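S.K.: here is the input, now give the coordinates:
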Amino acid sequence: MAKHALKQTNWYVIQVLTGREEWICGNIKQMMDPLLYDNCFVPLRETAYKKRGKYINITKPLFPGYLFLITDHINQVNAGLWKIAQFTRVLGTGNSFVPLEEEEVKVFQSLTDKAFNVSLSKGFIVGNEITITEGPLQGHEGRIRKIDRHKRMAIIEMSFLGKGTNVRVPLEIVEKR
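M.R.: Here you go, the predicted structure:
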């Protein structure tokens with residue numbers, strides 16, 4: 001299971017146009033003063049895609065339409081974001097920006113690698129009991145709400161900005177007994 005050092009900075013979520021996550025993150029890295037933020041990234045997940053009878057792995061955003069920014073200077077960052085075309089908004093409530101809770105960050109980091117990507121987990125099912133034998137879902141079996149064996153996906157529930165959110169992550173069930 002991948003672990004990251006928990007930064008003493010705040011993790012903010014930025015809503016953007018779906019499909020433009022990487023492009024806007026690249027613009028932030030080009031246009032924003034690097035002293036204002038620690039990292040800007042789009043978390044990705046592997047997914048198996050069947051093409052001409054064979055499965056190939058592709059990556060897709062874990063949270064389509066969102067990117068993450070780690071900063072302690074959100075007001076200055078937000079002012080700079082308005083200069084970027086197609087920027088939507090930093091998520092928050094009312095007039096204040098809301099960072100992810102520390103527990104949300106810890107769960108997110110436990111599911112991702114150093115590049116903030118969720119890789120394929122493998123497991124098996126005995127009756128109604130799911131056991132994950134390898135991958136980032138190991139130890140998170142209780143979060144699994146649904147499994148789509150055909151698409152090699154699991155839908156897990158995790159807290160995202162204080163709300164329970166269903167997230168699609170890669171899972172291959174190698175055996176069902």
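
S.K.: residue 122: what's it in contact with?
M.R.: Residues in contact with residue 122 (Cβ atoms under 8 Å, 6 or more residues apart in numbering) are 132, 133, 134, 135, 171, 172, 173, 174. C-beta: built from backbone N, CA, C; applies to glycine.

S.K.: can you tell me which of these is nearest residue 115?
M.R.: Ranked by distance to residue 115 (Cβ to Cβ), the contacts of residue 122 are led by residue 135 at 15.5 Å.

S.K.: which strand residues bridge the nearest residue in space to residue 39 that is not next to it in sequence?
M.R.: Nearest non-adjacent residue to residue 39, counting by Cβ to Cβ, 6 or more residues apart in numbering: residue 70, 4.6 Å away. Following DSSP bridges, residue 70 is listed with bridge partners residue 11, residue 39.

S.K.: what comes up buried for the strand ranked longest in the chain?
M.R.: Secondary structure assigned by DSSP state E gives strand 163-176 as the longest strand of the chain. Under the neighbour-count criterion of 16 or more other Cβ atoms under 10 Å, strand 163-176 has 167, 168, 169, 170, 171, 172, 173 buried.

S.K.: now do the second one against residue 27, distance only.
M.R.: Remark: distance between residue 168 and residue 27 (Cβ to Cβ, to the nearest Å) = 27 Å.

S.K.: likewise the third one?
M.R.: Shown here: residue 169 relative to residue 27, a distance of 28 Å by Cβ to Cβ.

S.K.: mind listing the strands for this structure?
M.R.: So, for the chain - with DSSP E - the strands run 10-16, 39-41, 44-51, 54-61, 66-71, 87-90, 92-93, 96-97, 117-118, 121-126, 129-134, 144-148, 153-160, 163-176.

S.K.: could I get those in TSV, plus columns for mean pLDDT and distance to residue 23?
M.R.: Below are the strands of the chain laid out as TSV (pLDDT from 0 to 100; distance: least, Cβ to Cβ, whole Å):
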stretch	mean pLDDT	distance to residue 23
strand 10-16	93	9
strand 39-41	94	12
strand 44-51	83	14
strand 54-61	86	12
strand 66-71	94	10
strand 87-90	82	11
strand 92-93	80	23
strand 96-97	86	22
strand 117-118	94	18
strand 121-126	93	29
strand 129-134	93	33
strand 144-148	93	29
strand 153-160	91	22
strand 163-176	90	22
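
S.K.: out of the ones you listed, flag the one nearest residue 79.
M.R.: strand 87-90 (10.7 Å).
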